[in-house]
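1. I need the structure of the sequence given here:
(one chain, ligands or ions: 1)
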Amino acid sequence: MAQVPSLDQFRHVVVKVGSSLLVDSVRGAIKQAWLDALVEDIAALHGRGASVTVVSSGAVALGRTVAGLPKGKLKLEDSQASAAIGQIALSSAWSQALRGHGIVAGQVLVTLRDTEVRRRYLNARATLGRLIAMRAIPIINENDTVATSEIRYGDNDRLAARVATMASADLLVLLSDVAGLYDSPPSDNAQAQFLPVVERVTPEIEAMAGGAASELSRGGMRTKIEAARIATSAGTHMIIADGRIAHPIARVAAGGRCTWFLTPSNPVAARKIWIGGSLELKGTVFVDAGAAAALARGKSLLPAGVTRIEGAFSRGDCVAICDERGAEIGRGLIAFDALHAERIRGRKSRDIAHLLGAPGPAEMIHRDDMTLGGR
Ligand code: GLU
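-> Reported below is the predicted structural model:
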């Protein structure tokens, strides 16, 4: 069996919390003691210098009791209204619990489009990046109140996986009301075997997931396996761990039972492969010899080194990077629209705000968004 990594090697951990763990469905209230214990675990990760992002479900579960809605499946507009009511309580519970450890929380509500449309993806990624840089903890949920059925995640497992890949997190922990993955649903089969490590999400692994979902939460094992596929193919390791106990993260850190989904890659390397291989080129930036040499040393591309621009690209599009003779030396996701890139090429990064009328990134193409010579 493959060796599993140790929890203290991870630099950015996304923790996903399921509704049934956090919300007492009878009272329609937060399970405060459980949340406080989890927040202690999170504060410990944060305290040793790791970045933490939380994806928390529970808005609908909290709101529906307050709204006096009956048990069972809700109509879309009822679940949206419940989410509107519950999200306020949900965020404030997280914010207060973290404040007790001197940690600031920031609420981020996202829709499917925010993670799938390139421009919005970049904006969401930049906001998460700023919150993380400020040492705040983003508390994320789907914006259920505006997400309509065709264009929503509907489950926070896959949302958390997309958030983790978007934020280049190196670990995603799904806390749920199951202990991990079994080779068949344990509810149907007493002989079901627990799987502590999954080295690759294969069709056989996908077939092991039953369809189970409880009344409070949307995701069953199927959405968790889908989350594992998204995370591991983007270089993020994933864990499914039992959240029904106090201090679930400390328990995993101490070697407690959970299922690891391993990735052979890391978030930056996986992004680079994706950039190098699968994108349509929307334009070209030509760079001078000094910039070409800086890129070869692993630096980002600054506007000062760009001599010419071709193509009608938008911010976030993939462009070729060519040297002065026109030979392609790499590819990358450009941080500016063609119009703005043209305006700032050849200029110092500190002049960007003045040239564009608003502050922008210092790099034309960030080194994490770039691949050189097919590497
Ligand atoms: N966004 C939903 C909520 O906060 C939860 C979705 C899920 O359970 O995965 O209630």
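
2. Up against the ligand, what does this protein have?
-> 19, 57-61, 83, 141-142, 144, 155-156, 217-219 (C-beta under 6 Å from any ligand atom). Placement of C-beta: from N, CA and C, glycine included.

3. Quick check: the farthest pair among those residues?
-> 83 and 219 (15.6 Å; C-beta to C-beta).

4. tell me how far the ends of stretch 207-220 are from each other?
-> 13 Å (C-alpha to C-alpha, to the nearest Å).

5. of the residues of the chain next to the ligand, the lowest pLDDT goes to which?
-> Lowest in pLDDT among the residues of the chain next to the ligand is residue 217, which has 43.

6. Would you mind listing the buried residues in stretch 49-60?
-> Going by neighbour count (16 or more other C-beta atoms under 10 Å), the buried part of stretch 49-60 is 50, 51, 52, 53, 54, 55, 56, 57, 58, 59, 60.

7. Quick one: those as JSON lines, columns for secondary structure too.
-> Converted to JSON lines, these look like this (DSSP: H, G, I helix; E, B strand; the rest coil):
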{"residue": "50", "secondary structure": "coil"}
{"residue": "51", "secondary structure": "strand"}
{"residue": "52", "secondary structure": "strand"}
{"residue": "53", "secondary structure": "strand"}
{"residue": "54", "secondary structure": "strand"}
{"residue": "55", "secondary structure": "strand"}
{"residue": "56", "secondary structure": "strand"}
{"residue": "57", "secondary structure": "coil"}
{"residue": "58", "secondary structure": "coil"}
{"residue": "59", "secondary structure": "helix"}
{"residue": "60", "secondary structure": "helix"}
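
8. So what's the residue count around residue 346?
-> Look at residue 346: counted by other C-beta atoms under 10 Å, it has 12 neighbours.

9. helices or strands up against the helix or strand where residue 163 lies?
-> For residue 163, the host element (DSSP states H and E) is helix 156-166. If contacts are counted by 3 or more C-beta pairs under 8 Å, 6 or more residues apart in numbering; DSSP states H and E, helix 156-166 sits against strand 12-17, strand 51-56, helix 112-116, helix 118-133, strand 137-142, strand 171-176, helix 221-233.

10. Within its sheet, name the partner strands of the fifth one and how each one runs.
-> It refers to strand 137-142. strand 51-56 (parallel), strand 105-110 (parallel) (DSSP bridges).

11. Can I get that strand in PDB, CA atoms only?
-> What follows is strand 137-142, C-alpha atoms only, in PDB (Å, rounded to 0.1, in the frame of the first residue of the first chain):
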ATOM      1  CA  ILE A 137      -9.900  32.300   6.300                       C
ATOM      2  CA  PRO A 138     -12.300  32.400   3.400                       C
ATOM      3  CA  ILE A 139     -15.700  30.700   4.300                       C
ATOM      4  CA  ILE A 140     -17.100  29.600   1.000                       C
ATOM      5  CA  ASN A 141     -20.500  28.300   0.000                       C
ATOM      6  CA  GLU A 142     -22.400  28.200  -3.200                       C
END
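
12. What sits closest to residue 314 if chain neighbours are left out?
-> residue 337 (5.3 Å; C-beta to C-beta, 6 or more residues apart in numbering).

13. If you tally nearby residues, what's the number for that neighbour?
-> 16.

14. Quick check: phi and psi at it.
-> With angles defined as degrees, to the nearest 10, residue 337 sits at phi -70, psi 160.

15. quick one, what contacts it?
-> Counting by C-beta atoms under 8 Å, 6 or more residues apart in numbering, residue 337 makes contact with 313, 314, 315.

16. State whether the first one is indeed within a strand.
-> No: using three-state DSSP, the secondary structure at residue 313 is coil, not a strand.

17. Let me see the contact set for it.
-> Taking C-beta under 8 Å, 6+ apart as the test, what residue 313 contacts is 282, 283, 319, 334, 337, 338, 341.

18. between those, which has the most around it?
-> Going by other C-beta under 10 Å, residue 334 tops these with 30 neighbours.

19. Just give the closest residue to that one, not the sequence neighbours.
-> residue 319 (5.0 Å).

20. Output the contacting helices and strands for whichever helix or strand that neighbour is part of.
-> Following DSSP H and E, one finds residue 319 within strand 318-322. Contacts defined by 3+ C-beta pairs under 8 Å, 6+ apart place strand 318-322 against strand 281-287, strand 328-333.
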